[in-house]
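Peer 1: Test case, fold it:
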Amino acid sequence: MIVERRFRLRANADFQRIRREGKSWSNRWLVLIRAANQESTSRFGFAIGKKLGGAVGRNRLKRQLREAIRRRLRDDRIVSGFDIVIIARQPVVDAPYRVIEGALDDLLQRAGLVREAATEEPNE
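Peer 2: As a prediction, this is how the structure comes out:
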């Protein structure tokens, strides 16, 4: 299942605005840039440069990143109201899916984009 259109960034102007106005976090595998939007949802865009390989490899990496985001949106773990660009770095090309998920979770957490889990009150 792919990420719904309302959660996608596609326009070059949006990517440029986020790069210009946003705040960034990075780790060995990915860079995350976020900027506030006026929407009730968070939207995501992915930048996978040609230096990272051929079209097949780049598209595979985009599918993996979209799937990781889709799972987090499904679980309602991502805060609303942000435009987010995720840029792939060279080491992520050979990384297994679990590493990609871990790298993404690290950046989402550090950027303050993860919704706190609801704490259950103890039974009395």
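
Peer 1: CA only for contacts and neighbour counts going forward, please
Peer 2: Will do.

Peer 1: Check which helix or strand the residue positioned nearest the centre of the chain maps to.
Peer 2: Nearest to the mean C-alpha position of the chain, by C-alpha atoms, centre = their mean, lies Ile86 at 5.1 Å. Per DSSP states H and E: Ile86 is located in strand 82-88.

Peer 1: for that strand, packing partners?
Peer 2: Packing partners of strand 82-88 (3 or more C-alpha pairs under 8 Å, 6 or more residues apart in numbering; DSSP states H and E): helix 12-21, strand 30-36, strand 43-47.

Peer 1: which parts of the top helix by length along the chain are buried?
Peer 2: Assignment by DSSP state H gives helix 55-74 as the longest helix of the chain. Within helix 55-74, the residues scored as buried using 16 or more other C-alpha atoms under 10 Å are Arg58, Leu61, Lys62, Arg63, Gln64, Leu65, Arg66, Glu67, Ala68, Ile69, Arg70, Leu73.

Peer 1: What is the helix or strand in which Ala103 is found packed up against?
Peer 2: Using DSSP H and E, Ala103 sits in helix 97-110. Packed against helix 97-110 by the contact rule (3+ C-alpha pairs under 8 Å, 6+ apart) you find strand 23-26, strand 30-36, helix 55-74.

Peer 1: Quick check: mean pLDDT of it?
Peer 2: Per-residue pLDDT over helix 97-110 has a mean of 97.

Peer 1: same deal with stretch 49-56?
Peer 2: Averaged over stretch 49-56, pLDDT sits at 95.

Peer 1: What is the neighbour count of Cys14?
Peer 2: You called it Cys, but residue 14 is Asp. Residue neighbour count, defined by other C-alpha atoms under 10 Å, stands at 15 for Asp14.

Peer 1: if we can go back for a sec, now the buried residues of helix 55-74 as TSV including distance to Asn27?
Peer 2: Shown next, in TSV, are those (distance: C-alpha to C-alpha, whole Å):
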residue	distance to Asn27
Arg58	19
Leu61	17
Lys62	18
Arg63	20
Gln64	17
Leu65	15
Arg66	18
Glu67	20
Ala68	17
Ile69	17
Arg70	21
Leu73	22
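
Peer 1: Gln38: which of those is nearest?
Peer 2: Closest approach between these and Gln38, by C-alpha to C-alpha: Leu73, at 18.3 Å.
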